[in-house]
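Q: below is the sequence, then the predicted model.
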Amino acid sequence: MKHTDRETLERYVSGDLSALRKIMIARHLKNCQACSRLQAEIKTGNELVDSLRKARNTYMDFEKDDKAAAVFSSLETCLGASRMKKQESN
Ligand SMILES: [Zn+2]
């Protein structure tokens, strides 16, 4: 059985796949612990990115604080800033 790669799983989590592809992946996830664990990891990552973005929006004053801004930017890098930017441009 062929495993689902991370990029495909990320698109699956964000709903960015065709209906047929989703069904095939859902079926695979039911039977594959490794891939469903990776999917859970991606979901958690997305939730962290969302919380981070909310926190940043709530504490906009942090942007004026160099140290806090540095912490936020390194956290963003860790959590996949590219994914975050993609979502923001929607
Ligand atoms: Zn698998």
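A: In hand now; what should we look at? In this text, all values refer to a predicted model and were calculated from it rather than measured experimentally.
Q: can we go C-alpha only for contacts and neighbour counts from here?
A: Will do.
Q: near the ion, which residues of this structure are found?
A: Counting by C-alpha under 5 Å from the ion, the chain comes close to the ion at 3, 32, 35.
Q: how about 8 Å then?
A: Residues of the chain that fall close to the ion, judged by C-alpha under 8 Å from the ion: 1, 2, 3, 4, 28, 29, 31, 32, 33, 34, 35, 36.
Q: is it possible to mark the buried ones in these?
A: Listed as buried from the residues of the chain next to the ion are 4, 28, 29, 35, 36; burial here means 16 or more other C-alpha atoms under 10 Å.
Q: which two from these end up farthest apart in space?
A: 4 and 36 (9.6 Å; C-alpha to C-alpha).
Q: got phi/psi on the closest residue to the ion within the chain?
A: Of all residues in the chain, residue 3 sits closest to the ion, at 3.7 Å by C-alpha to the ion. Torsion angles at residue 3 (phi, psi; degrees, to the nearest 10) stand at phi -80, psi 160.
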